[in-house]
Structures are given as C-alpha cells and as structure tokens.
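> What follows is a predicted structure for the sequence shown.
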Amino acid sequence: MVAIKELPRDEYIELGHAACAGCGATIAIRHALKALGGNTILTVPACCMSVIQGLFPKNALHLPVLNTAFETAGAAASGIAAGLKFMGKDKDITVMAWAGDGGTYDIGIQALSGAAERQTNFIYTCYNNESYGNTGQQRSGATPYGAFSTTTPIIGKQEHRKPMARIMAEHGIPYTASISAAYPRLVFETYSKAKDIVGTRFIEVHAMCPTGWRCATWDSIKFGKLAVETGVWIMWEKEGDEWRFLGRSKRIAEGKIKRKPLMDYLKPQGRFRTLIKDPERVKEFVRGIDREWEILKNRVGC
Amino acid sequence: MSKIVSVTGNHSASWAARTAIPAVIAAYPITPQTTIVEKIAEFVENGDLKSEYVRVESEHSAMAACIGASALGLRTFTATSSHGLALMHEMLHWAGRARLPVVMPVVNRSLGPPWNIWVDHSDSMAQRDTGWIQFYASNNQEVYDTVLMLFRLCEAPKVLLPGMVALDAYILSHTFTSIEVYDHEEITDFLPSYHAGHWKLDPKDPMATGNIAGPEYYYELSYAIHEGFEAARKMIPRVEADFKKHFGRFHGGFIDTYQCDDAEVIFIAMGTMGEEAQLAVEELRNEGIRAGSARLRVFRPFPAEQIQALANKAKAFVVVDRSLSYGHLGGAVTEIRSALYRGGQTIPVQGVIAGLGGRDVSHTDIKKLIHLGFDAADKGEAKPDIFYGLKR
C-alpha cells in the first residue's frame, strides 16, 4: 500500500471547492484524480459534484469537465470515448464519469448498463453517499434499509439497497471495485490499477456524508471506517474473473477480525434514529447485510 | 466522383452522413427512421464510412453521446423520429444550450397513443424551443443536400447550434427516387472539417462546461443562443447560394415559393405537402386561378420578413399545419399570424389542420383549401380555423 507521503503532490481539485465539511466524495475524487493524472476528461451528471466543483465562471476541477444531465453519465462518456477513439487518443486520455448514487442506482442505470454492455473504454465512479445528497437527502436506491431520508421521513426506508457494484460486475466488465473514501490510500491504489485496464471499469466509493447521515463532520472518516469495520459496507474487487475482498473486509472475511458491533455504526447517526428503536427491523437490516456477505463470499470462494 | 443513386429519403440521409464523415454517430433505431441507421451500419461495417458508430441503448443516450463527442470538437450525427425525439427532448436542450452543432434528420411521425407510425409534424414542432435550427425537406435530394448544408451552417463559429432536417414518414422516408451523391473529397470546399473555436474537452487546456451559473449569467447565455439564430438567419442564404455554386441546386431558401409573384392566394405548408401544393397550383393556374405555393422550409430561425413580403402581394393566405397545439392552433399558422401582426398586415389567414397521423392530403384536397382562401379574400376575413377532413 502506498504511503501517504508517497502520494503525488498534484492536485486536480483545488482549494475553494464548495463541498460540505467532512464530504467523503471530495476526499474520493481528490485521491482518484491523483492516481489518474492530468490527462483525464471528466463527465459529471447532476449530483453533489455539480455543486462541489464551484459556480460559473469558476471551477475547482483542474481538468476538462462536461457537466451533463442526470441520467446520462454513461452515455456522455460513451460519446467522449468514441470521439477519442476517432482521434486516436483513446490510449492517452482517460475518460471518467463521476456520478452519485441517485445518478447511478436509479436514473442513470440504463445509460451505465448500456455503456458497460458496449465495453466502452472508461471508468465509471459511483460515489455513494446513500441518498440524493445534492437536493437534501431524498431516498435513493442506495439508501440503506431503515434509514431516514426526506422522502422516508417518519418510518424510514422500507427496502434494502441494490447491490449496484455486483450488478455491474455481472455485466462481465474487466474491473469492478467497491471501496470507501475513508481509506484514501486504497482509493489511490484502486484508481491506479483501474487506469491501466482497458474497457469499462466500475468503481463504487462509499462516500461519507455527515450532512445526510446526521453525524458530526469531524467524525466523517470514523463513520466511513465503521461502516467497513461493522461489515455494513463491504470492500471488494473483481479483476477479470477473479473476485477478492479488500482491506478490512478481507480480514473480516478471512475471520482474522470480527465485525464490530453494529450499534457502534448505527446509533450515533441521526438517520438511523427510528430504525434502532425496533429490534425486528434491526434484524432485517442485519439480514440484508449478511445476505450480501454470503453472496460475495461465494463469489470470492471463501 | 459524384454519382446517381436510387434511394429512399432515409437512405438519402445515410448517404449524406457518408459524404460528410461525422467523427461520431450515435443512434438508436425507431420506426420509420430505422433504415437510416441500418444503412449507416452497413457503410461503417463495410469500411465505406470511417465514423465511430455507437449503437446506444436509447435515443436519450444517442443525444447524450453526440453531446459528449461534439464537446471534443468533433462532427457528430444522429437520426430519430417521433417518440425517440420526444425522449431526446431534455438532451436537445442540452445540445442547444451547450452550443454543440449536432446534425440530425428527424423522420416526422405522430405520437401515441394510439401507436401510429405515419407522418405528422407533432414530433418536431414540439421541439421548437430547444435551440435547434429546423429545416423541413420535401424530396430525397433535398434531404441529402440539407444535411450537408446544415453541417456547414451549424458548425459556423458565429452560429454553433445543432440542427435538424425533418422529412415526412413514408412519403419520403421509404420512397425511392434518384439523387446525386458525392465523395467526401468533392464537398470539402463547400464543407471544410469542423474546428471548434470556442471550447472543447482538452486536457491541454482544461475547461468546464455546464456547471452551475446563477441568475447573473443565465439570461445572457440564453441571449447568446438567440444571437446564434440571428447569425444563422444571415448565413442561410449565403450557404444556399454557395451550395448552388458548387452543386447546381437550390431548394428555395427559407421559403420555397412557386407562382407567388402574382398570386392572389398563397398556400403555405411544410414538408411534402408543400411540394404537393405545387401540383395543385399548376392545375388551378390552368383554370385561370391565380394561386401560389409557399413551402415553409425553415421553421427556426423563423422567416418573419419573408412571410411579410409574401403578404404584401397576396390577398389571402391558406396555412396548413400537419400538427396541432391542442387548445390553440397549428404551430406554423400561429407564427405566420404573429409575423403579419408585427408587420401591420391584415390579409385574411385561413388556418387549417390536416393530415394528422398520416391521413392523406392530396393535391385535390389542397385545391379545395386554396378555394377557401379565395372565399376569405372576397369576404375580407377567414373562417374559423378548419379541421379539414375530420370525420365526426
């Protein structure tokens, strides 16, 4: 694993961006772009990053950026990739779509699935802050079971989230990863690896969102790590046909460490306030997580 | 070398793409546009066309992909129809507002329900305000020629707008005629390669497009699009004149007029009905009736001055819309009345809705409608707008 001091000094998201304090997505893009470097074209659909990059005529992203409509990241990137191929620059320039969970799990899944089926040569990032964060925390397909959102305001969400990264892996694309912004060095290493792979690469980054998760901004990294340590968020990758767990998730899968108590993660977050009062619903929450672990263990073969 | 090929209206569009060589073509099939994209696929797979062809999973993605490629500063092309165009609507705005000169034939077809695959203009007329230049063609050669002219016009630095050429479903899309087509090398004097002078996605000169701009900027950006249309208005006659110089054909400019100089009643329609009207006019002229036909060829930018000039000579207009803005009237007649009001002109304008969902409008129907124009001229006022051929 790369040491912090060995990370490139280059910054492609400048100071003065408009992210909330404690934003996981911003930590993620900072380290992703350090890995990809300046020969990168970004396309960004409607999401927090539409705002984080700053207001016209300024922009905090020191890269060419095509902002595009909510459901189009996969398609806009397909056009850019095709154009670069026409120009013979597809080997030199990396195309990356940078989308939120709403733009990926929900409205953008068609364009993304189409782009993956066409083996489009690009990296698709879903930074998953588990709600429509940009518009004030409405429920998305990525919102966890039981979580409060402004469109599940009293009961909390009554459905489990989609296994988005697994859905993408099953498209047969050459690289899929599920990681967390709480581990910036892993973010850097994942993107460094993805950069050199040709074809569709899907990377989902669990992105802490103190604003939406109703937790202290200074605890952002702590909650990102707790999600992994309690087994709620699972880090893994699929390279070619090989599935493997990553980081803490690997140690949990191998039985080297135990999952931390779930309540360490749920209790301090305001969004789970209603959920934790109902033991039956907590059981259902756990059932969903255990199911995902079982499926992934099966894929990895452990 | 130029050659004569016997092709449908759809294949005329495919041949135009082959001649212009867009860098990227992204398209999704829909009846009755399908044969455009099938022919392009054939051209690409047999090596006749070196474009990157992205077989997207929807029309919405087709336009999004064209936007992505055009943002690199490349020539882009797609084609659609009806529900496909309706699905694209959001991205039509995106291409227009981002000033990306995507060129797109639209095969005019009705919208459902019920499913109906035949011609009317509801699909493209509903895209009036998306920032797209709109041409309506009346024959296969015009489809081919207009695609080439649109690339030249849309890619011009002062214009930088996307453009569509509409062609009537089946009447043109699936009807064979002979047209003259060219190799790419023969048209490069007329249509040089596209160089995006404003901005493009280039890591060597990083720039963002489309990020949030507040009320202090948005209005001016909108006005700049309007200026693009005004530049197009100035440029259209020059492009058409230059096209004629190179290839010897002229399709009428903004309005293709026939026997209008001394006409008492002028019949105005778009698409193939405008060409059918010439036959009606010819027959009426043989009977000594001074009718004329003005086929509205460009709908955006709207040729208000040309409409006013026609009204200076005529006693009445008959305007047929092959679409209906429910709760009001047809799109063209509304615009024409507005232009006349602005010009202080008061000739009667007989509004007509006809031919929806592919119902045939023949030259005998058009003759009847022109007679209504003479009635209006005599009385000094038109009847309330007519739903011609409606069975009740």
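Ah, there it is.

> any weak-confidence spans in chain A?
Across chain A, nothing is flagged by pLDDT under 70.

> What is the burial count for the closest residue to chain B within it?
Closest contact between chain A and chain B, by C-beta to the nearest C-beta, is at A:Gly79 (2.7 Å). The way it works is simple: take the backbone N, C-alpha and C, and place the C-beta from them, glycine included. Neighbourhood size, A:Gly79 [other C-beta atoms under 10 Å in any protein chain shown]: 36.

> same thing with B:Asn46?
8.

> Show me the helices in the stretch 51-200 of chain A, by range?
A:73-87, A:109-117, A:164-169, A:184-195 (DSSP state H, counting those that start in this stretch).

> nearest to B:Phe151, of those?
helix A:73-87 (15.9 Å; C-beta to C-beta).

> Helix A:109-117 and the closest one, what's the angle between them?
30 degrees (axes from the mean of the first three to the mean of the last three C-alpha atoms, to 10 degrees).

> Which parts of chain A are strands?
A:40-44, A:65-67, A:94-100, A:122-128, A:175-180, A:200-206, A:236-239, A:242-245 (DSSP state E).

> any residues touching the last one, and which ones?
Counting by C-beta atoms under 8 Å, 6 or more residues apart in numbering or on different chains, strand A:242-245 makes contact with A:169, A:234-238, A:250, A:252-254, A:296, A:299-302, all of which sit outside it.

> and the two most separated of those residues?
Between any two of the contacts of strand A:242-245, the greatest separation by C-beta to C-beta is 20.6 Å, found for A:Ala169 and A:Glu254.

> Between these two, which has more neighbouring residues?
With neighbours defined as other C-beta under 10 Å, A:Ala169 and A:Glu254 compare such that A:Ala169 has more, 22 against 10.

> Provide a list of residues in contact with the more buried one.
A:Ala169 touches A:176, A:202, A:238, A:243, counting by C-beta under 8 Å, 6+ apart.

> and what of A:Ala35?
By C-beta under 8 Å, 6+ apart, A:Ala35 lies in contact with A:8, A:187-192, A:194-195.

> report the longest helix in chain B, please.
Longest helix in chain B, counting residues (DSSP state H): helix B:215-247.

> And that helix, what's buried?
Residues B:228-229, B:231-233, B:235-236, B:239-240, B:242-243, B:247 are the ones in helix B:215-247 that count as buried (16 or more other C-beta atoms under 10 Å in any protein chain shown).

> give me the subset of these touching chain A.
Applying C-beta under 8 Å from any C-beta of the partner chain, the subset of these adjacent to chain A is empty.

> just those residues now: which is nearest B:Ala339?
For the buried residues of helix B:215-247, the nearest to B:Ala339 is B:Arg233 (13.3 Å; C-beta to C-beta).

> and the gap between the closest one and chain A?
Distance of B:Arg233 to chain A, computed by C-beta to the nearest C-beta, to the nearest Å: 28 Å.

> can you pull the pLDDT of that residue?
Note for B:Arg233: predicted pLDDT of 98.

> just B:Met1 next, same as before
Listed pLDDT for B:Met1 reads 82.

> B:Glu186 is in contact with that one, correct?
Yes - applying C-beta atoms under 8 Å, one finds B:Met1 in contact with B:Glu186, separated by 7.5 Å.

> ok, and the closest non-adjacent residue to the closest residue to chain A within the stretch 1-150 of chain B?
Going by C-beta to the nearest C-beta, chain A is nearest to B:Gly68 of the stretch 1-150 of chain B, at 2.7 Å. Among residues not flanking B:Gly68 along the chain, A:Gly79 sits closest, at 2.7 Å (C-beta to C-beta, 6 or more residues apart in numbering or on different chains).

> residues contacting residue 211?
As the question left the chain open, I've gone with chain A. A:Thr211 is in contact with A:20, A:22, A:133, A:137, counting by C-beta under 8 Å, 6+ apart.

> not what I meant, chain B
A:50, A:53-56, A:59, A:65, A:67.

> circling back: quick one: which of the contacts of strand A:242-245 sit in helices?
A:169, A:250, A:252-253, A:296, A:299-300.

> hang on, the earlier thing: farthest-apart pair in the contacts of A:Thr211, please.
The largest distance within the contacts of A:Thr211, taken as C-beta to C-beta, falls between A:Gly22 and A:Gln137 and amounts to 14.5 Å.

> quick one, which of those two is more surrounded?
Neighbours per residue, other C-beta under 10 Å: of A:Gly22 and A:Gln137, the larger number sits with A:Gln137, 25 against 21.

> List, one by one, the residues from the stretch 151-300 of chain B near chain A.
B:200-203, B:205-214, B:217.

> just the buried members of the residues you listed?
Neighbour-count burial (16+ other C-beta under 10 Å) is assigned, among these, to B:200-203, B:206, B:208-211.

> Need the contact partners of stretch A:82-90.
A:41, A:81, A:93, A:95, A:121, B:23-24, B:26, B:51-52, B:54, B:65, B:68-69, B:72, B:74.

> which one of those residues sits closest to B:Trp118?
Among the contacts of stretch A:82-90, and counting by C-beta to C-beta, the member closest to B:Trp118 is B:Ala26, at 26.4 Å.

> related to what we said a few turns ago, for the contacts of A:Thr211, could you give me TSV that also reports distance to chain B?
Listed next are those as TSV, based on distance: C-beta to the nearest C-beta, whole Å:
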residue	distance to chain B
A:Cys20	16
A:Gly22	21
A:Gly133	15
A:Gln137	19
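
> Could I get those in TSV, plus columns for distance to B:Pro114?
As requested, the contacts of A:Thr211 are exported to TSV (distance: C-beta to C-beta, whole Å):
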residue	distance to B:Pro114
A:Cys20	50
A:Gly22	54
A:Gly133	42
A:Gln137	42
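
> shaky segments in the stretch 251-392 of chain B?
For the stretch 251-392 of chain B, no range has pLDDT under 70.

> Return the nearest residue of it with respect to chain A.
Counting by C-beta to the nearest C-beta, the stretch 251-392 of chain B gets nearest chain A through B:Arg300, at 21.9 Å.

> Quick one: residues contacting that residue.
When contacts are counted by C-beta under 8 Å, 6+ apart, B:Arg300 is found next to B:128, B:132-134, B:229.
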